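Chemist: build me a model:
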Amino acid sequence: MKIAEKAAPADSAKSIPATPAPVGALSVEQKPASRRSRHERSVQRRSELAKQLWSAVGKGDASAEVALARLYITGDGVPRNCEQARVLLRAASRSGNTEAAQQLQQLKKSRCR
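Modeler: Below you'll find the model as predicted:
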């Protein structure tokens, strides 16, 4: 008597279960969007800060002029604009702000144009 071998059906083949990702882990596809969101939130906060600083500048706050000049030098939350930074630092310096005078000297030595 001949014993027939039974082949296992194709759908019953054993597969190795996938290892689940750790809780809170992001896939490669999700990371850039997540980073972008953090970056966008940071830019939004800096932009809001710039608006608040402009309001303080309008009230004659020389330290706000210095802080706003820093944002313009780096382009953080506002378009990078060295000339605007110079204008703000000159105004703060004329108001007697020594930090503004120092930063204006540093800006003159830098390549910020």
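
Chemist: find the nearest non-adjacent residue to Asn81, please.
Modeler: Tyr72 (4.9 Å; CB to CB, 6 or more residues apart in numbering). Quick note: C-beta positions are derived from backbone N, CA and C, even for glycine.

Chemist: was I right about the one you found contacting Leu88?
Modeler: Yes. Tyr72 is within contact range of Leu88, at 6.9 Å (criterion: CB atoms under 8 Å).

Chemist: which of the two has more neighbours?
Modeler: Just comparing Tyr72 and Leu88: by other CB atoms under 10 Å the higher neighbour count belongs to Leu88, 28 against 23.

Chemist: which SS state does the more buried one fall under?
Modeler: Here Leu88 is helix, with the state taken from DSSP: H, G, I helix; E, B strand; the rest coil.

Chemist: and the nearest residue to it once chain neighbours are set aside, what element?
Modeler: Once flanking residues are discounted, Leu88 sits nearest to Ala69: 4.0 Å by CB to CB, 6+ apart. Assigned by DSSP states H and E, Ala69 falls within helix 62-74.

Chemist: return the set of buried residues in that helix.
Modeler: The neighbour-count check on helix 62-74 (16 or more other CB atoms under 10 Å) flags 62, 64-69, 71-73 as buried.

Chemist: show me the contacts for the closest residue to Ala67 other than its chain neighbours.
Modeler: Distances taken as CB to CB, 6+ apart place Leu53 nearest to Ala67, at 5.5 Å, with adjacent residues excluded. Contact analysis of Leu53 by CB atoms under 8 Å, 6 or more residues apart in numbering lists 64, 67-68, 71.

Chemist: of these, closest to Gln44?
Modeler: Closest to Gln44 out of these is Leu71 (13.5 Å), distances taken as CB to CB.

Chemist: and that closest one, how far from Glu65?
Modeler: 11 Å (CB to CB, to the nearest Å).
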